[in-house]
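Colleague: One predicted model, sequence on top.
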Amino acid sequence: MVIEDQVLRDGWIAACREVDVKDDPMQVIILGERVVLFKNEEGIHAFKDLCIHRGAALSLGKVKDGCLVCPYHGWEYKASGECVKIPQLPAGAAITSKAKAITFGCKASYGFVWVNLNNNEPVLFDYPEYHDQNYRNVIWGPQTVKANPPRIIENFLDVSHLAFVHEGYLGVQEKPEISDYKVHTKDGRIFTDEIIVYQPNADGTGISKDVLYTYEVLNPITARFTKRDPSANHEFSMFMTVLPVGECDCIAFGVESFNYDIGQTDEEAIEFQNTIFYQDKPIVENQKPEELPLDLQAELSLKFDRLSIGYRKYLKELGVTLGVE
Ligand code: FES
Ligand SMILES: [Fe+2]
């Protein structure tokens, strides 16, 4: 079932990692919509995964001379969506302009393929660390989660669970207090002041320290933080973005960026992030209601929940419907 959330359809949604698109076309499901991704010399392209002729899934076909070839009767579509060959017609016969694939906006950035279902050319959020020579970037994900996208993003933005869900890693129960912080809304950005958190194993290296977190909401399904260790001038940033496959069915991805040597391979950094993620997963998969309440009276929020309140208000203002109530 296609999910008609126009706010999300208007934006860029991470479909997969760039490295996942191989020589053969692949299917991804975005907001219930079957999408085929394929690559040719010009780059990566996204079509509705449906042949106009008899409804075959184009993702079962192949790429030939830069065209996507339907598996059923061999019609060939250019990256623009135009059908340039119908093998059953005599050579040189005119092809009706109705023979077209439905195309979606598609681009590669930050190691991912992004799809824009409404073809309205939105601006993708900025994540400067990715292009900064001072940072090493590690692509994280895909990780599946059976939860609504806003529950997953709100969890990522939640500083007060660190001492409990991530006890021994990102916090300790003896130091659960959250320093007072404000949430700022400026030029459409929503971000926090620095929040002090004591961490026994801040980055998987086993070293305990007080670190400073700043969070920011980048779009309804993407958020970031920077964790700064002022004693060493170390910074670790990460964004997480969520691909809404279905109502309660997501795939999470992210980029981790370090401006210091963490003494770990990419695989080890990913493994540490997976460990943290598996601690969050049962929490978000079992929250009730499944949908994030946008009525701010529906749950009890205290002052350290300011960011989650800011996020909920933002979703309400934008008119996001998927996974909220
Ligand atoms: S269904 Fe695609 S060519 Fe016939
Ligand atoms: Fe967490």
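Modeller: Perfect, thanks for sending it. In this text, all values refer to a predicted model and were calculated from it rather than measured experimentally. Ligands and ions are numbered 1, 2, ... in the order given.
Colleague: And the nearest residue to Leu117 once chain neighbours are set aside, how far from Thr205?
Modeller: Nearest residue to Leu117, sequence neighbours excluded (C-beta to C-beta, 6 or more residues apart in numbering): Arg9, at 4.3 Å. All C-beta spots, glycine's among them, are computed from the backbone N, C-alpha and C. From Arg9 across to Thr205, the span is 41 Å (C-beta to C-beta, to the nearest Å).
Colleague: and the gap between the residue nearest to Leu117 and Glu235?
Modeller: From Arg9 to Glu235 the distance is 34 Å (C-beta to C-beta).
Colleague: and this protein, which residues reach ligand 1?
Modeller: Counting by C-beta under 6 Å from any ligand atom, the chain comes close to ligand 1 at 51, 53-54, 56, 70, 72-73, 75.
Colleague: quick one: what helix or strand has the residue most central in space within the chain in it?
Modeller: Nearest to the geometric centre of the chain sits Thr241, at 2.2 Å (C-alpha atoms, centre = their mean). Under the criterion of DSSP states H and E, Thr241 resides in strand 234-246.
Colleague: likewise Phe253?
Modeller: Going by DSSP H and E, Phe253 is in strand 249-258.
Colleague: Put the alpha carbons of that strand into PDB.
Modeller: Extracted in PDB, the C-alpha atoms of strand 249-258 (Å, rounded to 0.1, in the frame of the first residue of the first chain):
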ATOM      1  CA  ASP A 249       8.800  -0.800   8.800                       C
ATOM      2  CA  CYS A 250      12.000   1.200   8.400                       C
ATOM      3  CA  ILE A 251      15.600   0.900   7.400                       C
ATOM      4  CA  ALA A 252      18.000   3.100   9.200                       C
ATOM      5  CA  PHE A 253      21.300   4.400   7.700                       C
ATOM      6  CA  GLY A 254      23.800   6.900   8.800                       C
ATOM      7  CA  VAL A 255      27.300   8.500   8.500                       C
ATOM      8  CA  GLU A 256      29.700   8.600  11.400                       C
ATOM      9  CA  SER A 257      32.500  11.200  11.200                       C
ATOM     10  CA  PHE A 258      35.600  11.400  13.400                       C
END
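Colleague: Okay, now the sheet partners of it, with direction.
Modeller: strand 136-145 (antiparallel), strand 234-246 (antiparallel) (DSSP bridges).
Colleague: Show the buried residues in the residues of the chain next to ligand 1.
Modeller: 51, 56, 70, 75 (16 or more other C-beta atoms under 10 Å).
Colleague: out of those residues, what pair is the most spread apart?
Modeller: Ala56 and Trp75 (9.2 Å; C-beta to C-beta).
Colleague: For Asn116, name its beta-bridge partners.
Modeller: Beta-bridge partners of Asn116, as defined by DSSP bridges: Gly105.
Colleague: that older thread, now distance to Arg312 and mean pLDDT too, for the strands paired with strand 249-258, in CSV please.
Modeller: Listed next are the strands paired with strand 249-258 as CSV, based on distance: least, C-beta to C-beta, whole Å; pLDDT from 0 to 100:
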stretch, distance to Arg312, mean pLDDT
strand 136-145, 19, 98
strand 234-246, 16, 97
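Colleague: ok, back up a step: so for the strand holding Phe253, mean pLDDT?
Modeller: Averaging pLDDT along strand 249-258 gives 98.
Colleague: One more: stretch 96-111?
Modeller: pLDDT averaged over stretch 96-111 gives 97.
Colleague: Dump the C-alpha coordinates for it into CSV.
Modeller: In CSV, the C-alpha atoms belonging to stretch 96-111 read as follows (Å, rounded to 0.1, in the frame of the first residue of the first chain):
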residue,chain,number,x,y,z
THR,A,96,4.3,6.1,-29.1
SER,A,97,5.3,8.8,-26.5
LYS,A,98,2.9,7.0,-24.1
ALA,A,99,5.5,4.3,-23.8
LYS,A,100,7.3,5.8,-20.9
ALA,A,101,8.5,4.8,-17.5
ILE,A,102,7.6,6.9,-14.5
THR,A,103,10.7,8.5,-13.2
PHE,A,104,11.6,9.8,-9.8
GLY,A,105,14.2,12.3,-8.7
CYS,A,106,17.4,10.5,-7.8
LYS,A,107,20.9,11.5,-6.6
ALA,A,108,23.9,10.1,-4.9
SER,A,109,25.2,12.0,-1.9
TYR,A,110,26.9,11.2,1.5
GLY,A,111,27.4,7.6,0.3
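Colleague: who's more crowded, Arg9 and Thr205?
Modeller: Taking other C-beta atoms under 10 Å, Arg9 and Thr205 do not tie; Arg9 has more neighbours (21 against 12).
Colleague: List the contacts of that one.
Modeller: 31, 116-118 (C-beta atoms under 8 Å, 6 or more residues apart in numbering).
Colleague: switch the cut-off to 10 Å
Modeller: The contact partners of Arg9, by C-beta atoms under 10 Å, 6 or more residues apart in numbering, come to 2-3, 30-31, 33, 104, 115-120, 322.
Colleague: Would you list the buried entries among those?
Modeller: Of the contacts of Arg9, these count as buried by 16+ other C-beta under 10 Å: 3, 30-31, 33, 104, 115-117, 322.
Colleague: of all those residues, which comes closest to Glu285?
Modeller: Scanning the buried ones among the contacts of Arg9 for proximity to Glu285, where the rule is C-beta to C-beta, the winner is Leu322, at 16.5 Å.
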